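Trainee: got a sequence here, can you build the structure:
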Amino acid sequence: MRPDAGAVYRRYLSAVLLHGQASARACDLGATDLYALNILELHGAMTPGELGERAGLTTGPTTRLIDRLEQAGYVRRSPSPDDRRKVIVEVVGKPARLDEVMAPARERVGEIIRGYTPEQLDVLFDYFSRAAAAYQEATDDLRP
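Mentor: Residues are numbered from 1 along each chain as shown. Okay, here's the model as predicted:
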């Protein structure tokens, strides 16, 4: 293994995190707001409790998060079809500038990805899938 592997990987993770924060700010959102929208887009409508758990937030901050996103027109609360006592949070819009803000990074990363062979892409995307699962498991282990 490369002697600088850990540092290279940490720089990569930091760059992704900082880009996400800068993108959120450019769209007049907090980083957690943008992250919550991403969770909802990837996993679909869910209860506020599920969203809070996935975002690592307690009840109060989750309520304020949903309030901000609802007021901005990005989500809505709807009655649960399965249980009238519950509500479901679902995406109804996204920040108008988000695609514009994210486009430069997507283009640059796309150029990098286009430089890989199909076999290398298989390895790369296998890594993404497996690493995401590993990070999720490690996150779950850290939670009470």
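Trainee: now do the helices in the chain.
Mentor: Taking DSSP state H, the helices of the chain run over residues 5-26, 31-43, 48-55, 59-71, 98-114, 118-142.
Trainee: residues making contact with the third one?
Mentor: By that I understand helix 48-55. Residues outside helix 48-55 that contact it (C-beta atoms under 8 Å, 6 or more residues apart in numbering): 32, 35-36, 39-40, 43, 46, 58-59, 61-63, 65-66, 77, 87, 89. Glycine gets a C-beta too; all of them are placed from N, C-alpha and C.
Trainee: and for the first one?
Mentor: The set of residues external to helix 5-26 that reach it, using C-beta under 8 Å, 6+ apart, is 2, 30-31, 33-35, 97-98, 101-102, 105.
Trainee: next one: the longest one
Mentor: Contact partners of helix 118-142, identified using C-beta under 8 Å, 6+ apart, comprise 56, 113, 116.
Trainee: let's have those in CSV, adding pLDDT and neighbour count.
Mentor: Below are the contacts of helix 118-142 laid out as CSV (pLDDT from 0 to 100; neighbours: other C-beta atoms under 10 Å):
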residue, pLDDT, neighbour count
Gly56, 91, 13
Ile113, 96, 12
Tyr116, 97, 13
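Trainee: quick one: residues contacting Tyr35.
Mentor: 20, 24, 55.
Trainee: give the bridge partners for Ile78, please.
Mentor: Residue 78: Ser, not Ile. Note on Ser78: beta-bridge partners Ile88, judged by DSSP bridges.
Trainee: neighbours of it, how many?
Mentor: Other residues near Ser78 come to 13 when the count uses other C-beta atoms under 10 Å.
Trainee: and Leu37, how far is that from Arg108?
Mentor: Distance of Leu37 to Arg108, computed by C-beta to C-beta, to the nearest Å: 22 Å.
Trainee: neighbour count winner among those two?
Mentor: Set side by side, Leu37 and Arg108 show more neighbours around Leu37, with 23 against 10, by other C-beta under 10 Å.
Trainee: what's the closest non-adjacent residue to that one?
Mentor: Distances taken as C-beta to C-beta, 6 or more residues apart in numbering place Tyr74 nearest to Leu37, at 6.0 Å, with adjacent residues excluded.
Trainee: tell me how many other residues surround that neighbour.
Mentor: 21.
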